[in-house]
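> Kindly generate the corresponding structure for this input.
(one chain, ligands or ions: 1)
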Amino acid sequence: MVRRITGFSKFSKEEKIDWLMKAFFEEKSISKETLKKYWNSDVKLQELHDDFIENTISNFYLPFGVAPNFLINDEEYTIPMVIEESSVVAAASLVGKFWSTRGGFKATVLGTTKVGQVHFMTKMTSKAVEDYFEEKKEDLLKATKAITKNMRKRGGGILAIELRDKTSDLENYYQLHVTFETKDSMGANFINSCLEAIADEFEKEGIQIVMSILSNYVPECVVRAEVSCKVEDLLPGSSTIDPTEYAEKFKNAVAIANVEPHRAVTHNKGIMNGIDAVVLATGNDFRAIESCAHAYAARSGRYKSLTNCEVKDGIFRFWIEIPLAIGTVGGLTALHPMAKFSLELLQNPTAEELMKIIAVAGLAQNFAALRALTTTGIQKGHMKMHLMNILNQLGASLEEKEKLVKYFEHIPVTHSGVQEAYQKLKTV
Ligand code: MEV
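The predicted model follows:
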């Protein structure tokens with residue numbers, strides 16, 4: 001069987017699928033039908049999605065959920081979330097409601113500066129490179145004037161161009177380190193276009209431009225979100241747990257993540273459950289957000305928690321500081337109907353407002369995880385939510401699902417336990 005192909009991208013969608021079926025699937029496989037079942041019957045809408053990438057053969061659904069009752073800087077929000085993990089939206093909803101009766105979340109944007117770099121090599125002396133840069137600086141800015149025109153009208157543009165001598169790290173290596181304000185757009189295309197224009201202007205004999213590209217590491221595009229309350233208010237009224245002991249335990253959970261990278265990675269993964277879900281729902285680039293967040297978590301030289309906790313003078317404070325390069329205009333934000341819906345649901349936020357909302361979602365998720373981990377453990381809630389997945393896998397009917405959800409209300413959910421209960425139900 002030949003599984004190599006040239007000219008695949010030129011095939012029609014049907015031809016692509018037919019080739020895949022022939023090369024990788026058995027005759028009479030249901031796979032072709034599965035792929036087609038996920039095509040949207042609205043041809044225009046399907047074409048829109050087909051054109052996002054190359055070689056689209058179908059769509060891949062992820063659930064789109066909402067977490068209501070978030071009070072952020074005294075505004076009420078229902079947060080859209082796209083995620084496959086059973087317990088994430090449920091946890092966010094619980095925590096949103098919990099903090100809405102304790103003053104809500106407070107969030108502040110600490111900076112919005114983005115970064116791009118022209119990386120180049122030269123054997124010229126440092127002094128000669130510096131002199132050349134000084135001589136060229138004005139022209140570099142001039143070379144971007146047409147590209148930055150609209151952005152400047154919106155209050156953004158290039159903030160500074162700096163020459164950085166990196167020869168102590170790598171022989172002959174320098175860079176033009178450029179900082180940007182991109183207002184409500186994430187700005188990737190804008191930044192890259194500016195950098196390429198700068199590079200063209202800067203290039204000359206004896207200078208080898210290696211590459212010009214934005215940096216997804218944006219430690220000065222940072223947002224802070226926090227919650228605080230009296231320690232005695234930290235648990236629901238119905239709880240029998242001692243709040244002071246619980247607050248200390250919670251603080252220790254964060255402290256452990258600060259000294260133990262194995263724990264920090266899982267701790268931050270939980271934060272990213274919330275962050276990525278909103279980033280995806282709003283049509284933003286979750287890979288950029290992920291890579292930056294983890295680099296930021298390691299900025300001290302040790303990979304640490306992105307959240308912090310303090311218990312002082314009877315007050316519990318819990319906060320996150322995270323870089324978030326996102327946009328509310330451009331990219332997929334207006335193009336993807338569901339991203340557009342998400343932004344409308346959030347009352348068409350500015351990029352700064354969306355940074356705050358996303359940081360809150362991350363903080364809420366971490367609060368939910370640490371609360372569960374330091375009290376009941378994570379599996380109880382998680383398996384309750386996962387129950388539906390197991391029942392769907394078993395092919396349970398609506399009526400059977402209802403019965404089994406009721407049955408498992410007061411007993412622990414395990415895969416084998418559900419299987420057994422389902423078989424029993426089937427035989428009565
Ligand atoms: C699971 O997706 C996320 C958690 O593991 C996060 C954590 O341990 O803090 C629950």
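> Next one: the host helix or strand of Met385, is it in contact with the ligand?
When elements are assigned from DSSP states H and E, Met385 belongs to helix 379-394. No - counting by C-beta under 6 Å from any ligand atom, the ligand is not contacted by helix 379-394; separation bottoms out at 7.5 Å. Glycine gets a C-beta too; all of them are placed from N, C-alpha and C.
> how about that helix: buried residues?
Residues Gly381, His382, Met383, Lys384, Met385, His386, Leu387, Ile390, Leu391, Leu394 are the ones in helix 379-394 that count as buried (16 or more other C-beta atoms under 10 Å).
> and that helix, how far out from the chain's middle?
The chain centroid and the centroid of helix 379-394 are separated by 25 Å under C-alpha atoms, centre = their mean, to the nearest Å.
> Show me what the mean pLDDT comes to for that helix.
The average of the pLDDT scores along helix 379-394 is 84.
> And Phe318, its phi and psi?
phi -140, psi 130 (degrees, to the nearest 10).
> residues touching it, list them.
Glu226, Val227, Ser228, Phe250, Val254, Thr307, Asn308, Cys309, Glu310, Leu363, Phe367 (C-beta atoms under 8 Å, 6 or more residues apart in numbering).
> surely Thr375 meets Thr240?
No - using C-beta atoms under 8 Å, Thr375 makes no contact with Thr240, being 10.6 Å away.
> Return the list of helices and strands in contact with the helix holding Met385.
helix 88-100, helix 398-407, helix 415-427 (3 or more C-beta pairs under 8 Å, 6 or more residues apart in numbering; DSSP states H and E).
> Show residues contacting it.
Contacts of helix 379-394 (C-beta under 8 Å, 6+ apart): 86-87, 90-91, 372, 400-401, 404-405, 408, 412-415, 418-419, 422.
> Filter those residues down to just the buried residues.
Buried among these by 16+ other C-beta under 10 Å: Ser86, Ser87, Ala90, Ala91, Ala372, Glu400, Lys401, Leu404, Phe408, Val413, Val418, Tyr422.
> any chance you could map the strands in the stretch 201-350 of the chain?
Assigned by DSSP state E, counting those that start in this stretch, the strands in the stretch 201-350 of the chain fall at 207-215, 222-230, 307-312, 315-323.
> packing partners for the third one?
Taking 3+ C-beta pairs under 8 Å, 6+ apart as contact, the helices and strands that strand 307-312 lies on are helix 243-259, strand 315-323.
> got a markdown table for the buried ones among the contacts of helix 379-394, with distance to Leu141 and pLDDT too?
Converted to a markdown table, those look like this (distance: C-beta to C-beta, whole Å; pLDDT from 0 to 100):
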| residue | distance to Leu141 | pLDDT |
| --- | --- | --- |
| Ser86 | 52 | 87 |
| Ser87 | 50 | 91 |
| Ala90 | 51 | 94 |
| Ala91 | 48 | 95 |
| Ala372 | 53 | 94 |
| Glu400 | 68 | 93 |
| Lys401 | 63 | 92 |
| Leu404 | 67 | 93 |
| Phe408 | 65 | 90 |
| Val413 | 62 | 89 |
| Val418 | 64 | 94 |
| Tyr422 | 68 | 94 |
